[in-house]
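In: I need the structure of the sequence given here:
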Amino acid sequence: MVRLYGELAPWFHLLTAPEDYAGEAERYRRTIVQALPDARTLLELGSGGGNNASHLKHHFACTLSDLSPQMLTLSRELNPECDHVLGDMRTLRLGRSFDVVFVHDAVGYLAAQDELSACVATAFAHTRPGGVALFVPDCTRETFVTGTDHGGHDDGTRGMRWVEWRWDPDPGDTSYLVEYGYLLREADGSVHVEHDRHVEGLFPRRDWLRWLSEAGFEPSVVPLELTEVDTQTLEVFVCVKPSS
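Out: Presented below is the predicted three-dimensional model:
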């Protein structure tokens, strides 16, 4: 597990604040209701600190699952009205189904085909017949762009500033690297720097569609409209589970 979701988890909402997700979550909500107007229940696999859920919970009854206990603790504080489940998106089986299964950028940490196929199987197992699953990887092989980003927030006592560097040392494999540098200001004014390397999966669009179809879904690709803060083109895999 990368440091941000473990030892550095208390800093997570200073890297990415829940309020920053309002527009993005609204785009996912519209995509969901366009595919399934009567959607009421939602399972998120890899829900992290609960940023998307803090907005989606106003429209759906949300169950949130993540592999990191530290991230679930943050999400429970932010989303106390939601159910939370500690679990791995590759193996989770709750024994019940939902109108919607939502898999956001946590799916990017699956860098091998068997891992991604296992996650797709989990989503299929939890999607009701006639329901829909949304997969939102940060990029596919076709949309990946080497680049940098930066940002950060303050909470009145502490502060964080971060820089992100995306690069692909081997275009022939199925992963790329995201290097993070965190500049952390403690409440006493002291500042320290931490490095965090994220290894993320990178698969062609055609492979995504093939694996989703093989799992039993009827998938399609829906591009999300860009905003002034987007640095990459996002594509959502909208996957309908047949009613019979």
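In: Give me the domain ranges for the chain.
Out: Domain assignment for the chain by automatic domain parsing gives 3-140+204-240, 147-201.
In: Generate TSV for the ones you listed, with mean neighbour count and mean pLDDT as supplementary columns.
Out: Glycine gets a C-beta too; all of them are placed from N, C-alpha and C. Shown next, in TSV, are the domains of the chain (neighbours: other Cβ atoms under 10 Å; pLDDT from 0 to 100):
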stretch	mean neighbour count	mean pLDDT
domain 3-140+204-240	18	95
domain 147-201	14	97
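In: Can you name the residues in contact with stretch 203-222?
Out: Applying Cβ atoms under 8 Å, 6 or more residues apart in numbering, the external contacts of stretch 203-222 come out as 31, 113, 116-117, 120-121, 123-124, 127, 133, 135, 137, 140-142, 174, 235-242.
In: how far does that stretch sit from the chain's center?
Out: 18 Å (Cα atoms, centre = their mean, to the nearest Å).
In: Next, the distance between the ends of that stretch.
Out: 17 Å (Cα to Cα, to the nearest Å).
In: Quick one: the helices in this structure, in order.
Out: In order along the chain, the chain carries the following helices (DSSP state H): 12-15, 22-35, 53-56, 69-78, 113-126, 205-215.
In: Could you say which one of those helices comes nearest to residue 181?
Out: Residue 181 lies closest to helix 12-15 among the helices of the chain, at 11.3 Å (Cβ to Cβ).
In: export the closest one as CSV, just CAs?
Out: Extracted as CSV, the C-alpha positions of helix 12-15 are listed here (Å, rounded to 0.1, in the frame of the first residue of the first chain):
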residue,chain,number,x,y,z
PHE,A,12,-5.1,13.0,2.7
HIS,A,13,-7.8,15.6,2.8
LEU,A,14,-5.2,18.3,2.6
LEU,A,15,-4.0,16.8,-0.7
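In: Show me the beta-bridge partners of residue 41.
Out: Residue 41 has the following beta-bridge partners by DSSP bridges: residue 61.
In: Residue 136 versus that one, what's the distance?
Out: Residue 41 sits 19 Å away from residue 136, going by Cβ to Cβ, to the nearest Å.
In: and if you look at residue 151?
Out: Distance from residue 151 to residue 136, by Cβ to Cβ: 20 Å.
In: Excluding chain neighbours, what is closest to residue 191?
Out: residue 185 (4.9 Å; Cβ to Cβ, 6 or more residues apart in numbering).
In: wait, what's in contact with the one you found?
Out: By Cβ under 8 Å, 6+ apart, the contact set of residue 185 is 158, 159, 160, 191.
In: I'd like the distance between it and residue 154.
Out: From residue 185 to residue 154 the distance is 8 Å (Cβ to Cβ).
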